[in-house]
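Trainee: Just to be clear, the model below is a prediction. Sequence and coordinates:
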Amino acid sequence: MSGIFEYNGGSIVGMKGKNCIAVACDRRFGQQMSTITTNYQKVFKIQDNILLALSGLNTDIHTFYALMEKEINLYNLKENRKMKPTTFANLVASALYERRFGPFFVTPIVAGLENGKPILATYDSIGCKSDLDDFQVGGTGGNYIYGACEAFFKPDMSPEELEEVIGQSLVSGCDRDALSGWGGVVYVLTEQKITVKILKTKQT
Amino acid sequence: MDSIFGLQGSDFVIVACDGSIAHSILKIKETEDKILKLDDHKIFGISGEGADRNSFGELVHKNHCLIRYKTGGYMNLKETAHFVRSMYAQAIRSRDGPHQCNGLLGGVDQDGTPSLYWLDYLGSLQKITRGAQGYANYFLLGLLDNQYKPNLTKEEGIEIIKKCIKELQTRFLIAQNKFIVKIVTKQGIETFTI
């Protein structure tokens, strides 16, 4: 086993725009060299203005997402209000640190819109939050996507431009990574709606 | 060494397994049924060592009965799949360690919708239309991808399974002569041996 984070494969990327934010993921689910399915959902809607993207070990993606869904539902019931994206970002960090000595093998990206301002945070598997950059990556193809992001990104993009740029970064990155790919999905979150677009990458 | 494979059609799900139990170079049995019946419309094909397969199978079956009893009698496929996944996921960080078996859970809901789920020992879960566990992955995924089309009829599904069996018998090093095939439709479960 080359590494528990590389067992199932997958890549995610998040990018800020002007009053909008986008998150993209590939669609592969595999077992080391073998591909099991090509329609694996890695981005989850936590709330109308919060998206959670997860890459890493499949079982922990399911478990961690279920845990976060439970937390936000309990919060809604107890406090009778929606959770702010910055609050959720902190919640993810503390939920990860709770398992400091037996961590979830996931790298999450939280993307949200708070009063029109985009919020983007990423973490290592034990909850170190990093929310200062304008784009974040995660997963096995992360390093390849970084390069493409640096080249294509510019600040304050419109939703259409952002969708194009994040799509191109994801596709370029995933085409080079053996463990990611088999298609991509881009989610763009604006004040009014969430748009979903499916992209074609190299089918290997 | 077990082969478990299956596919989902327009209104049915097929799960097939090889029937052999072997210890080192000795073949103990050729007609072992590795596909567990969870209820009249759900089957769970499990691959792994005999003891793990049997014990996890029983655990799933009994807990499934318990939940149905507690919550009013019926669990659909999606709920069952997530429930079995949670049993796997909860075990991986427990004292006794993961359940050392993988599975394919298939069935037909009360409204006639078929589903097939791929589960592994860590608690990975994916809804699939065709798939396999174990060494069968290497031999059959290409064949299943090639032969599968949406809205298969039951007869076409059985033909594809027969081709898969022939492929394993031709190319797989371990001789697996008998296969047990179970088909779930809205009417119930049919079993036959090939």
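Mentor: Here it is on my side, so go on.
Trainee: Which residue is the nearest non-sequential neighbour of residue B:60?
Mentor: Once flanking residues are discounted, residue B:60 sits nearest to residue B:84: 5.6 Å by C-beta to C-beta, 6 or more residues apart in numbering or on different chains. For every residue, glycine as well, the C-beta is placed using N, CA and C.
Trainee: State the distance from the residue nearest to residue B:185 when sequence neighbours are not counted to residue B:36.
Mentor: Excluding its sequence neighbours, the residue lying closest to residue B:185 (C-beta to C-beta, 6+ apart) is residue B:12, at 4.5 Å. Counting by C-beta to C-beta, to the nearest Å, the gap from residue B:12 to residue B:36 is 18 Å.
Trainee: Equivalent analysis for residue B:83, please.
Mentor: 14 Å.
Trainee: Could you check which of the two has the larger neighbour count?
Mentor: More crowded of residue B:83 and residue B:36, by other C-beta atoms under 10 Å in any protein chain shown: residue B:36, with 22 against 15.
Trainee: what helix or strand does the more buried one sit in?
Mentor: In the assignment (DSSP states H and E), residue B:36 maps to strand B:35-39.
Trainee: What pairs with that strand, parallel or antiparallel?
Mentor: The strands beside strand B:35-39 in its sheet (DSSP bridges) come out as strand B:42-48 (antiparallel).
Trainee: residues in contact with the strand it pairs with?
Mentor: With C-beta atoms under 8 Å, 6 or more residues apart in numbering or on different chains as the test, strand B:42-48 has contacts from B:2-4, B:6, B:13, B:15-17, B:34-38, B:53, B:56-57, B:60, B:77, B:80, B:84, B:99-107, B:121, B:133-134, B:182, B:184, B:189.
Trainee: List the contacts of the residue nearest to residue B:60.
Mentor: Neighbouring residues of residue B:84 by C-beta under 8 Å, 6+ apart: B:44, B:60, B:103, B:105, B:119.
Trainee: centre of the chain versus the strand holding residue B:36, how much separation?
Mentor: Taking the mean of its C-alpha atoms, strand B:35-39 sits 9 Å from the chain's own mean (C-alpha atoms, centre = their mean, to the nearest Å).
Trainee: ditto for stretch B:84-96
Mentor: Taking the mean of its C-alpha atoms, stretch B:84-96 sits 19 Å from the chain's own mean (C-alpha atoms, centre = their mean).
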